[in-house]
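Peer 1: Generate a structure from the sequence data that follows.
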Amino acid sequence: MSPAMLSLWGGDTQPPCFLESLTRVAARRGGQIAIVDERREVTYDGLLAWSGHIAALLRDKGVGAGDRVAVTGERGTDVVAAVLAAMRLTAACVPLDAAYPERRLAHMLTDSRPKVLLHSGALPAIGTGTPALEIPPPQSGTWEVSSTALPPTVCVPDRPVYVIYTSGSTGRPKGVALPHSCVDNMAEWQRTHSRRGDLRTAQFAPMNFDVWFQEVLGTLAGGGTLVTVPERLRFDPFGLLDWLRRQRIERLFLPCLALHMLAVAAGAEASLEGLALAEINTAGEQLVCSGPVRALFARLKDCVLNNHYGQSESAMVTVHTLQGPVTDWPTHPPIGRPLPGCELLIAPLDGDEPHGSAPSDVGELLVAGLPMSREYLNQPDLSAARYVTIERTTHGHTHAFRTGDLVRHEDGVLRFLGRLDHDVKIRGTRINLLEVEACLLDQPTVGEAVCVAPDRAEGGRTLHAAVTAAPGRPEPEPSTLLRSLSELLPAVSLPLTITVLPTLPRTANGKTDRAAVVQLIGGDR
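Peer 2: Below is the predicted model:
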């Protein structure tokens, strides 16, 4: 990599081990409710006892430091206790979404080679031969676990806490192991950055999404209460809004699309009285401050919006907080500044190296320091391409992760410009798909919007959009939308077609499934 790279440093930090933080919380607040789902409430004392019992069962199955434990089941108390049990043995958790296709789950198990598969409820029919163990329910009394049953808590910074699988360009998902240094830093930052560490927090994210660990570990490290969102409400913004009010939720993590739909639902209500929201965090895609989002926060006077940025390979690395008059909020907010312990580097693009030694303000973002993972599991060639050696930085880092994201540095903060591997040029002009989507989302009849640029074999890339109707509004008329867009965008940025769909397809993590959209509207990728 070029030595002429702009560096942003988040500051020095020495985050405590998450397990040590959890133990201290339990010593102070042992009788307080730690986690709630539709079946039960579990206190901090109960959670430590329950996870200790599961850890003892895993130890009896031969699980030890450095091993892996697969975990599957519905979001809630069971899987949280199981993940903590693996952590207490210094083993890595491999979360599996039982809704995934059997072949995909089988690949994950074969690739990660866990010692045991912990499951809550029915065991998925995967058939890899991995020994299975059902997660036992908690006891009302004290678990009979001897003082010698578990080794003392040891946090090794480089040892993985979890392995999650992210989509691969070859169609084979790639495993990423996140070390304690990353997880501890994320949990401690969440505890100290929030308005209060003990906020009552909704658990919304699926378990195989890195935000799940931020929701769970960040809340438990701060002594808060984690309340599991019922699965039936994750894609029902009206039902979710009512649930947030009834549960007195104070902190919420949502994908950008889900935030927009929640804001649309809130716009249909005459009053938001009873909502206790103090902090909403969003990540996963470029945040768009659409009209409904601005209107929501104009009514939630005491609530802040945090725009988080990270990847599966580095969890969370930057934050930008939006507060004050919503009229001052940019449509596409910056991704902000690095977290403590994180060094961000901007590498100039090929052919764009700056003259002399001055680093460029625009280029590919590289992540170094505490948030960085080390490699892809069992994929040395891909690891060598993305986890690169760099000239030693002023903060002592010699390795970094290439995110593949294009960013610009402006006045101390970073702006996300797009994916380098998804650059879109139409007739020689670079098109910002997010800009087109933002203009569509500002149309009163549009609920959701996505813009894609499939590569037609016969005629190059063409621009297309898909939208859904806003709740309570008539179905959008494509010709009317195009006329409105023509007043906001240059002609080259206008979609060739606009397709109205009942819903937009989503990935398991709640993001818009752009590849599925392409297939729905027809054409190649």
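Peer 1: Next, name the residue at the spatial heart of this structure.
Peer 2: In the chain, the residue lying closest to the centroid (Cα atoms, centre = their mean) is residue 211, at 3.9 Å.
Peer 1: which residues touch that one?
Peer 2: 205, 253, 283-284 (Cβ atoms under 8 Å, 6 or more residues apart in numbering). C-beta here means a position set from N, CA and C on the backbone, and glycine is covered the same way.
Peer 1: can you put the residues you listed in TSV and add neighbour count?
Peer 2: Converted to TSV, the contacts of residue 211 look like this (neighbours: other Cβ atoms under 10 Å):
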residue	neighbour count
205	25
253	27
283	23
284	24
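Peer 1: what's the strand ranked longest in the chain packed up against?
Peer 2: Using DSSP state E, we find that the single longest strand of the chain is strand 399-410. Under the contact criterion of 3 or more Cβ pairs under 8 Å, 6 or more residues apart in numbering; DSSP states H and E, strand 399-410 touches strand 342-347, strand 362-369, helix 380-386, strand 387-389, strand 413-419.
Peer 1: moving C-terminal of the worst-scoring helix or strand of the chain on mean pLDDT, what's the next helix or strand?
Peer 2: In the chain, no helix or strand scores lower on mean pLDDT, DSSP states H and E than strand 429-430, which sits at a mean of 65. Sequence order places helix 433-441 as the next helix or strand after strand 429-430, per DSSP states H and E.
Peer 1: Using the record's assignment, carve the chain into domains.
Peer 2: Under the assignment automatic domain parsing, the domains of the chain span 1-15+195-422, 18-34+42-154, 424-521.
Peer 1: Now render the helices and strands packed on strand 399-410 as CSV, adding mean pLDDT, mean neighbour count and distance to residue 116.
Peer 2: Below are those laid out as CSV (pLDDT from 0 to 100; neighbours: other Cβ atoms under 10 Å; distance: least, Cβ to Cβ, whole Å):
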stretch, mean pLDDT, mean neighbour count, distance to residue 116
strand 342-347, 96, 24, 33
strand 362-369, 95, 24, 32
helix 380-386, 94, 13, 26
strand 387-389, 96, 14, 29
strand 413-419, 88, 19, 37
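Peer 1: would you list these in TSV and tack on distance to residue 517?
Peer 2: Formatted as TSV, the helices and strands packed on strand 399-410 follow (distance: least, Cβ to Cβ, whole Å):
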stretch	distance to residue 517
strand 342-347	31
strand 362-369	26
helix 380-386	26
strand 387-389	31
strand 413-419	16
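Peer 1: Those: which one's closest to residue 302?
Peer 2: In terms of Cβ to Cβ, the element of the helices and strands packed on strand 399-410 nearest to residue 302 is strand 413-419, at 24.2 Å.
Peer 1: can you redo the domains of the chain as CSV with distance to residue 162?
Peer 2: Listed next are the domains of the chain as CSV, based on distance: least, Cβ to Cβ, whole Å:
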stretch, distance to residue 162
domain 1-15+195-422, 6
domain 18-34+42-154, 5
domain 424-521, 15
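Peer 1: Run the chain-centre distance for the longest helix that the chain contains.
Peer 2: Taking DSSP state H as the criterion, the chain has its longest helix at helix 44-60. On the basis of Cα atoms, centre = their mean, to the nearest Å, helix 44-60 sits 27 Å off its chain's mean C-alpha point.
Peer 1: Contacts made by it with the rest, please.
Peer 2: 22-23, 25-26, 29-32, 34-35, 42, 69, 80-82, 84-86, 88-89, 91, 115-116, 118, 133, 135-136, 138-139, 142-143, 145, 149-150, 220, 223.
Peer 1: That helix: which residues count as buried?
Peer 2: 44-59 (16 or more other Cβ atoms under 10 Å).
Peer 1: immediately after it, which helix or strand?
Peer 2: Note on helix 44-60: by DSSP H and E, the next helix or strand toward the C-terminus is strand 68-72.
Peer 1: where does residue 485 fall, helix, sheet strand or coil?
Peer 2: helix (DSSP: H, G, I helix; E, B strand; the rest coil).
Peer 1: End to end on stretch 285-300, go ahead and measure it.
Peer 2: One end of stretch 285-300 sits 23 Å from the other (Cα to Cα, to the nearest Å).
Peer 1: where along the stretch 101-250 of the chain do the strands fall?
Peer 2: Remark: strands assigned in the stretch 101-250 of the chain by DSSP state E, counting those that start in this stretch are 116-119, 132-134, 160-166, 174-179, 200-203, 225-228.
Peer 1: Can you tell me which of these is nearest to residue 486?
Peer 2: strand 160-166 (37.8 Å).
Peer 1: for that closest one, packing partners?
Peer 2: strand 92-96, strand 174-179, helix 180-193, helix 210-221.
Peer 1: CA atoms only: put the first one into PDB for me.
Peer 2: What it means is strand 92-96. Provided in PDB are the C-alpha atoms of strand 92-96 (Å, rounded to 0.1, in the frame of the first residue of the first chain):
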ATOM      1  CA  ALA A  92     -15.600 -18.700  20.000                       C
ATOM      2  CA  CYS A  93     -19.300 -18.700  19.200                       C
ATOM      3  CA  VAL A  94     -20.500 -19.400  15.700                       C
ATOM      4  CA  PRO A  95     -24.100 -18.100  15.400                       C
ATOM      5  CA  LEU A  96     -26.300 -19.900  12.900                       C
END
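Peer 1: counting contacts, what elements does that strand pack onto?
Peer 2: Short answer (3+ Cβ pairs under 8 Å, 6+ apart): strand 92-96 packs on strand 68-72, helix 77-88, helix 102-112, strand 160-166.
Peer 1: For those, give me TSV that also has mean neighbour count, distance to residue 257 and mean pLDDT.
Peer 2: Below are the helices and strands packed on strand 92-96 laid out as TSV (neighbours: other Cβ atoms under 10 Å; distance: least, Cβ to Cβ, whole Å; pLDDT from 0 to 100):
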stretch	mean neighbour count	distance to residue 257	mean pLDDT
strand 68-72	26	25	97
helix 77-88	26	24	97
helix 102-112	17	23	89
strand 160-166	23	18	93
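Peer 1: so which of those comes closest to residue 95?
Peer 2: Judged by Cβ to Cβ, the one of those that comes nearest to residue 95 is strand 68-72, at 5.5 Å.
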